[in-house]
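Undergrad: Fold the stuff below for me.
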Amino acid sequence: MTDQPPTLQFDLDIAAIRLLHRSVEFYLQKWPGGPDPVEQQDLQRLRTLLYAALLEFSLDQEGER
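TA: Numbering: from 1, shown residues only. Predicted coordinates for the structure are as follows:
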């Protein structure tokens with residue numbers, strides 16, 4: 001048995017993805033620093049994941065035209 005952290009799954013529309021991406025981007029630009037540099041790395045990974053979701057949506061929209 002492994003000790004993996006619990007996970008959640010969300011269904012989000014494109015507006016929510018855009019809002020989350022902008023929020024994470026804003027927070028990273030205003031990064032105050034902190035005792036745990038892993039938090040900043042996690043936010044950078046989250047930003048990349050959200051950007052990938054935006055690109056995927058964009059490609060899907062182009063394919064429908």
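Undergrad: Can you tell me what sits against stretch 47-59?
TA: Outside stretch 47-59, the residues that touch it by CB atoms under 8 Å, 6 or more residues apart in numbering are I14, I17, R18, L20, H21, V24, E25, L28. Quick note: C-beta positions are derived from backbone N, CA and C, even for glycine.
Undergrad: Please enumerate the helices of this structure.
TA: Ranges of helices within the chain are 14-29, 37-64, based on DSSP state H.
Undergrad: so the least confident helix or strand in the chain by mean pLDDT versus helix 14-29, what angle?
TA: Least confident helix or strand of the chain, by mean pLDDT, DSSP states H and E, is helix 37-64 with a mean of 90. Orientation check (axes from the mean of the first three to the mean of the last three CA atoms, to 10 degrees): helix 37-64 against helix 14-29 gives 150 degrees.
Undergrad: from the middle of its chain, how far away would helix 37-64 be?
TA: 5 Å (CA atoms, centre = their mean, to the nearest Å).
Undergrad: do the same with stretch 30-46
TA: For stretch 30-46, the distance to the chain centre is 13 Å (CA atoms, centre = their mean).
Undergrad: Compute the first-to-last residue distance for it.
TA: Counting by CA to CA, to the nearest Å, the length from the leading to the trailing residue of stretch 30-46 is 16 Å.
Undergrad: got a list of contacts for that stretch?
TA: Looking at what lies outside stretch 30-46 - CB under 8 Å, 6+ apart - the contacts are V24, Y27, L28.
Undergrad: which residue packs closest to the second one, ignoring adjacent ones?
TA: Using CB to CB, 6 or more residues apart in numbering and skipping the chain neighbours, the partner closest in space to Y27 is L43 (6.5 Å).
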